[in-house]
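> what's the 3D shape of this:
(one chain, ligands or ions: 1)
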Amino acid sequence: MLPPTPKSTLLPRRTAAAALVIMPALWLGVRAQPAPVRRATPSQTEGPFYPVALPADSDADLLRNGSRTPYGGGQASWVEGTVHDLDGKALAGAQVEIWQCDEQGHYHHPGDGNRADAGFQGFGRVTVGADGRYRFRTIRPVPYTGRTPHIHVKVRLDRRELLTTQLYVEGDPGNARDGLWRRLDDIDRAAVTVPFERANDGLRARFPIVVPA
Ligand code: FE
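Next up is the predicted model:
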């Protein structure tokens, strides 16, 4: 006569059978979600110099601050690109903001003694259209104590902040010494480090932005 089967060996068998039924369903459920077609632009710290109050002139042309003499410092540059979501859809209505120091390395900020050149707007904001495109007129960023050249970038949609990051200059020798740049992996570095190439009217940098929306 066979000994009675202990309950402890029956229960796991039932559990395992149930798992065989449930797990393929879960697996199919996961498979049913379309994979994102793009990788999100990495975020970076905001830094201490986001404007306390936005300047009266906060348009896309940082080389003209209100009625002041156009800013002649630095290397005039176009910084342009697109804003897409992870599925590759242009994010119409998103606002792109940039802020950066002037050619002398100073921000319009009390934390930096408000020493930036009055003719340099230092901050700009644009709303992207249906094509997702944005464009700023500014200068190639310059280094200041402890930092490689960078432009701060923020993306908002309505009241939500979707991204705060920093844009770097490809090939700048300061990048490899910059703590914030160094902490990015190779793929993320490539996403936020772009060439400032010679164009007809100064330099041009293209920075495509991808945000989870
Ligand atoms: Fe900065």
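> which residues does the residue lying closest to Pro70 once chain neighbours are set aside contact?
Nearest residue to Pro70, sequence neighbours excluded (CB to CB, 6 or more residues apart in numbering): Arg64, at 5.1 Å. Where C-beta positions appear, they are placed from N, C-alpha and C, glycine not excepted. By CB atoms under 8 Å, 6 or more residues apart in numbering, Arg64 lies in contact with Asp57, Pro70, Tyr71, Gln121.
> Any of those residues buried? List them.
Buried by 16 or more other CB atoms under 10 Å: Tyr71, Gln121, out of the contacts of Arg64.
> Let's have the contacts of Arg64 in a markdown table, adding pLDDT and secondary structure.
Compiled in a markdown table, these are given as follows (pLDDT from 0 to 100; DSSP: H, G, I helix; E, B strand; the rest coil):
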| residue | pLDDT | secondary structure |
| --- | --- | --- |
| Asp57 | 97 | coil |
| Pro70 | 96 | coil |
| Tyr71 | 98 | coil |
| Gln121 | 97 | coil |
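> what's the closest of the contacts of Arg64 to Pro51?
Checking these against Pro51 with CB to CB, the nearest one is Gln121 at 10.4 Å.
> what's around Gln166, how many residues?
Using other CB atoms under 10 Å, Gln166 has 26 neighbouring residues.
> Let me know the helix or strand that it is in.
According to DSSP states H and E, Gln166 maps onto strand 160-169.
> Direction included, what does that strand pair against?
Sheet pairing of strand 160-169 (DSSP bridges) gives strand 150-157 (antiparallel), strand 193-194 (parallel).
> just how off-centre is it within its chain?
Chain-centre distance of strand 160-169: 3 Å, with CA atoms, centre = their mean, to the nearest Å.
> Just the C-alpha atoms of that strand, please, in CSV.
Presented in CSV, the C-alpha positions along strand 160-169 are these (Å, rounded to 0.1, in the frame of the first residue of the first chain):
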residue,chain,number,x,y,z
ARG,A,160,4.5,70.2,-16.1
GLU,A,161,8.3,70.2,-16.2
LEU,A,162,9.2,67.4,-18.6
LEU,A,163,13.0,67.8,-18.6
THR,A,164,15.8,69.8,-17.1
THR,A,165,19.2,69.2,-18.7
GLN,A,166,22.4,70.8,-20.0
LEU,A,167,23.7,70.9,-23.6
TYR,A,168,27.5,70.5,-24.2
VAL,A,169,29.9,71.3,-27.0
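> what's in contact with it?
Outside strand 160-169, the residues touching it (CB under 8 Å, 6+ apart) are 40-47, 79, 94, 98, 140-141, 148-156, 175, 178, 180-181, 189, 192-196, 205, 207, 209, 211-213.
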